Structure formats: structure tokens, C-alpha cells
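Visitor: quick one: sequence and predicted model below, then my questions.
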Amino acid sequence: MTAGILGASTFVLAPTMARADEPVAARAPRLMSETGENTTVIDAFDKDDPFDLNLLLTLRQAWKHAKIRRETALNQPGLSDGGFVSSRENVANYAQSVTTLEVGTDIGIFRDLALSFRAPIILADSRELTDLDGSSNNPQRLQDPSGDALFSLPFKSPTRSGIDWISVALNYAIMNQQRDPAKPTWVVGVETRIGVGSRLHACNDNAAVKCPDPANPTVGRDAGISRGMTDYIVQTTLSKRMGYVEPYGGLKVLFEVPQSNSDFGKTSDLRGTLLNRPPVVGTVTAGMEVIPWERREAFQRFALDFKAIGSYHSPGRDYSELFDALGSSQARSLRSPNPGAYRAGPDGFTSVPDPNAAPVYFNGITDQQAFSSFSGRFGLTMQAGEYVKFTAGVGLTWIQNHLITAADACNPDVTGDIGTSGPCRTGAQSAAGGSATGTPNPNHRPVIDLPGRRFSVDDTTIVDLWLSGVVMF
């Protein structure tokens, strides 16, 4: 009797011992063996799939909000005392809205090796500065020591559009779980982005000359759209699908090199500069895809993607939230050029500007502190069939508070004789004393870079949405 019961139980339970990629009931999901969206690399020259080609179209919308504040050097209770900066005063609310249409293609070259092209078309990029808790009633916060206004509120930049860059990427799956179920999927990739659009120039949409030339403020220029960079990206992602879920993690590093035909490139290699490149950005990603429903025979599935991203941005020069406002300023403290170099004076021990060196004009690009950013993203993918799939998602990013005008006056790592030191010297300016402590930084502007006058960006958040369609051949 007992043996009969055990035999019947075994017969009833046997169907539940099916493999993980087989349905457990008539209406249960059918698990596909394909990896998730984060580690998918199309390929070519497989036995049943000699060639793969994907065409992509993605619409992105991002909104950025931040608070601009400025250090104070006022010797008052609660502000600062004895030269120590202890408080930052409200300056402005910053808002930016960017709408982008990205077109691209992925081409399979060989097994687990693909070539990708991307071209994001910026349909509209609008930026503005408005009152922050009554800051417009305190214009002295935006004045230089001579009383000139650095800029005024409200401030609006022209709406920009065009192509910033195009990219070429190569991705290779060193290991592929689809080929060997015992191993994870490991993808490595390299990418180059080349700035191709008209170069970015600082502009004030409310001024008579909207985008003044730094060397000749009465002459206008195009607002531009491209940051004028050549970017290099290396990245790697590792994932392992386990039934309904696929956890993954990745690393990415971004290096940017300014192109010489931009305002950035013109001042990136001057003697004495401490920061002559944009920040290097290192990013760590961790997430998990959940695939709750699939129909393997119909090439259909529905996937949810949960992702956390952390990035570190090293110190560097960049286009900040005040790029347009400061770069288009008519304040004499910003419009007057800095000496490109110094030389010994006629007496042999003073240091005077070298008239043969090209003057350095302020263009709105500033030295910025290091900072971190953290993002949470949620996406969903619906593959409607063998040849079409759609992806939508939302993301929220928080950026750490940091100074956006922080250029040091002197570069101690570049030293010369007393004649080339300019103000970077100690001791008496006489034949009997004084020594060089470095070389003047031509990008330093005391009115915005000295402690007590520096600007910061605080409480920065970015909300972004995207919708993407892919046609697969």
C-alpha cells in the first residue's frame, strides 16, 4: 500500500521537474536562453544566423534642476569671520530641458562581435536662471569689487539644436552564456565620440549681442551646440541569467580631449594651467533584469530592468551651469584679458606681462571641483516578435554639491625663474630677495575663483525619460 502511494506521488510530481527553460504549466512563462538587454551583442557567421543588423531610434527627454550659490566674504555673524568662508548665499535657480532624438545601428561582424554607430540629434536645449528665495532682490551678490554686475536675473540662454557628436563603438562578448550555459556573459567594449557640430559659445538671449566674441564683445557668434570634444570610452559588463532573473554589473571610464577648433581647445595647453581637460568620469553599474513572461517559439518576451549607477567626476575644466551667464558677461573683471605669460622687467628682478604672448580671454569655461553622482533607473522592454522590440524607461540622478569656479592662481608644479613667475612669488621684489613659487594660471579669475567669491552648484537633480524602438534583421 505504501509503495503504491509513493509511486502515485512520483507520477504526479514528475512534470514539475522539467528543465528551467521549459514551461511548467500551460499558461506559465517560457524562459528563453538569450541574455538580457545589458549584455546583448549581435553577431554574424553563426550556422543558422549568418548576419545581424539592428536599426535603432530613441527619443530622450531630460530635465535638470539645481541651485546656484556663492561664497561670501562678508565679516558678519553666521557668514564668515577672519577670512574663513562659512556660508554660501543664494544666487539663482538653474533649469535645463533637453530633447534628443538618437539614431543608430548595430552591425554583426563575427561571432559575438558587433560594430555600433550612434548620432544623437538635439532637438531643443534650453537653459535659464531665475530667482532663488529672493536672490534677485540682492544684486550685490552678483557684483565684482568694482560694482560691475557679472550677470543679472532672470537670465535665459538661447534654445540650441543640432548634432553634438557621432560615435563608433566595438563590443565583444568574451564569454557568452547562450553558447556555454555554464559560464556568464562577459562583454567588453570601446567607443569613440567625435564632436562634429558647431562649437558651443556662451550666450545671453536677452542681450543686444547674444553671443559675444571674448576678444571683441561687439561681434556676435553662433550659439553652437557641440562641446568640441573627442571622447574615449572603455567599458565592461558581466551578467548571468538564472531562470527569471539576470543580475549584472559593469564598469566604464570616460576620457575627453578638447578639439583645437573650440574655445576649450584654444586655452587647454597654456603654460601654467592646472586643469586643461574635462573631468575623467568613472562609473560603476549594478542591476538586475527580471523576465516574467516569454514565448520562446514566437520570439516574444517582456523584461523589467532595475539599475543603480554611481559615478566619480575628477577635477577638471568644463561647461558649467553658469557657462552662458559668466561667459557672456560684460563685467570688466571678466572681459579684461589675462597675460599669456610673464617675463623679467627692465630692472631684472620684477616680473611683468610678456607683450609677445597672446592674451587669454575668458570664455565661460571654468575649473570645477571633483564630485560624485548617483542614479536610479527603471526600464521595460517588450519584444513584439522576431524583428521588432520597444524599450521605455525613467531615471533619476542626484549630483553632489561642488564648486564650479575654483581655479587656483598659481601652478606650483610649473616653475621657472623669478622673471616668469608674475605674482607667484614670495619675498621682497628686489635684486636681493624673492623667489618663484610657481607659474601664474592664465585661467584664474580672482572675481570668481578666490575663496569668498566662488560659485557652487547645489541640490542638483536630473529626471530623464526615454522611448526606443529597434528593428532587427
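Guide: Everything's here; your move. Numbering: from 1, shown residues only.

Visitor: just for this protein, where's the confidence low?
Guide: 1-33, 73-87, 428-433 (pLDDT under 70).

Visitor: what ranges do the helices span in this protein?
Guide: Secondary structure of the chain by DSSP state H: the helices cover 2-13, 263-266, 323-327, 332-335, 446-449.

Visitor: can you mark which positions in the last one are buried?
Guide: Going by neighbour count (16 or more other CB atoms under 10 Å), the buried part of helix 446-449 is V447, I448, D449. Where C-beta positions appear, they are placed from N, C-alpha and C, glycine not excepted.

Visitor: contacts only, for the residue nearest to the spatial centre of the chain.
Guide: Closest to where the C-alpha atoms of the chain average out (CA atoms, centre = their mean) is V281, at 7.6 Å. V281 makes contacts with V253, L254, S311, Y312, H313, S314, as judged by CB atoms under 8 Å, 6 or more residues apart in numbering.

Visitor: measure the closest residue in space to D413 that isn't next to it in sequence to T420 for me?
Guide: Once flanking residues are discounted, D413 sits nearest to G438: 7.4 Å by CB to CB, 6 or more residues apart in numbering. Per CB to CB, to the nearest Å, G438 is found 10 Å from T420.

Visitor: for beta bridges, what are the partners of the nearest residue to L238 once chain neighbours are set aside?
Guide: Distances taken as CB to CB, 6+ apart place W186 nearest to L238, at 5.0 Å, with adjacent residues excluded. With DSSP bridges applied, W186 shows beta-bridge pairing to M175, L238.

Visitor: okay, now W186: neighbour count?
Guide: When neighbours are counted by other CB atoms under 10 Å, W186 registers 17.

Visitor: for I107, name its beta-bridge partners.
Guide: Note on I107: beta-bridge partners L53, L115, judged by DSSP bridges.

Visitor: and it, what does it touch?
Guide: Counting by CB under 8 Å, 6+ apart, I107 has contacts I42, D52, L53, A114, L115, S116.

Visitor: ok, and the most crowded of these?
Guide: Neighbour counts for the contacts of I107 (other CB under 10 Å) peak at A114, which has 24 neighbours.

Visitor: hmm, it is touching V188, no?
Guide: No. With contact defined as CB atoms under 8 Å, A114 does not reach V188; the gap is 11.9 Å.

Visitor: residue contacts, N411?
Guide: Per CB under 8 Å, 6+ apart, neighbours of N411: G272, T273, L274, C424, G438, T439, P440, N441.

Visitor: I meant to write V168 there.
Guide: Taking CB under 8 Å, 6+ apart as the test, what V168 contacts is L115, S116, F117, E191, T192.

Visitor: please tell me how far the nearest residue to G427 once chain neighbours are set aside sits from H444.
Guide: The shortest distance from G427 to any non-neighbouring residue, by CB to CB, 6+ apart, is to G434 (3.9 Å). Distance from G434 to H444, counting by CB to CB: 21 Å.

Visitor: same check on F117?
Guide: Note on F117: its distance to H444, by CB to CB, is 41 Å.

Visitor: with neighbour numbers in mind, choose between these two.
Guide: The neighbour comparison of F117 against H444 (other CB under 10 Å) goes to H444, with 23 against 14.

Visitor: how many residues are close by N356?
Guide: Neighbourhood size, N356 [other CB under 10 Å]: 8.

Visitor: where's it relative to G419, distance?
Guide: Separation of N356 from G419 (CB to CB): 14 Å.

Visitor: do N171 as well
Guide: The value you get for N171 to G419, if CB to CB is used, is 54 Å.

Visitor: check G104 too.
Guide: Separation of G104 from G419 (CB to CB) stands at 55 Å.

Visitor: what do you get for V447?
Guide: 27 Å.

Visitor: the strands in the stretch 1-150 of the chain, which residues?
Guide: Assigned by DSSP state E, counting those that start in this stretch, the strands in the stretch 1-150 of the chain fall at 53-71, 80-81, 84-85, 88-110, 113-130.

Visitor: same check on the stretch 151-300 of the chain?
Guide: Under DSSP E, counting those that start in this stretch, the stretch 151-300 of the chain gives strands at 155-156, 160-163, 165-175, 185-195, 212-213, 216-220, 229-239, 245-258, 281-295, 300-313.

Visitor: which other helices and strands contact the second one?
Guide: Helices and strands touching strand 160-163, by 3 or more CB pairs under 8 Å, 6 or more residues apart in numbering; DSSP states H and E, are strand 113-130.

Visitor: how about the strand it packs on: buried residues?
Guide: Neighbour-count burial for strand 113-130 [16+ other CB under 10 Å]: L113, A114, S116, R118, P120, I122, L123, D125, S126, R127, E128, L129.

Visitor: with adjacent residues omitted, what lies nearest to the fourth one?
Guide: So that's R118. Among residues not flanking R118 along the chain, G104 sits closest, at 4.1 Å (CB to CB, 6+ apart).

Visitor: can you check the fifth one too?
Guide: Leaving aside its sequence neighbours, P120 sits nearest to E102 (CB to CB, 6+ apart; 4.3 Å).

Visitor: wait, that neighbour sits on R118?
Guide: Yes. Using CB under 8 Å, E102 is in contact with R118, at 6.2 Å.

Visitor: and S421, how many neighbours does it have?
Guide: By other CB under 10 Å, the residues close to S421 number 23.

Visitor: and G348, by the same measure?
Guide: Other residues within reach of G348, judged by other CB under 10 Å, total 9.

Visitor: give me phi/psi at it?
Guide: Reported as degrees, to the nearest 10, the phi and psi values for G348 are phi 90, psi -10.

Visitor: now do it against R271, distance only.
Guide: Shown here: G348 relative to R271, a distance of 21 Å by CB to CB.

Visitor: tell me how many other residues surround the residue nearest to E37 when sequence neighbours are not counted.
Guide: Among residues not flanking E37 along the chain, T381 sits closest, at 5.6 Å (CB to CB, 6+ apart). T381 has 20 neighbours, counted by other CB under 10 Å.
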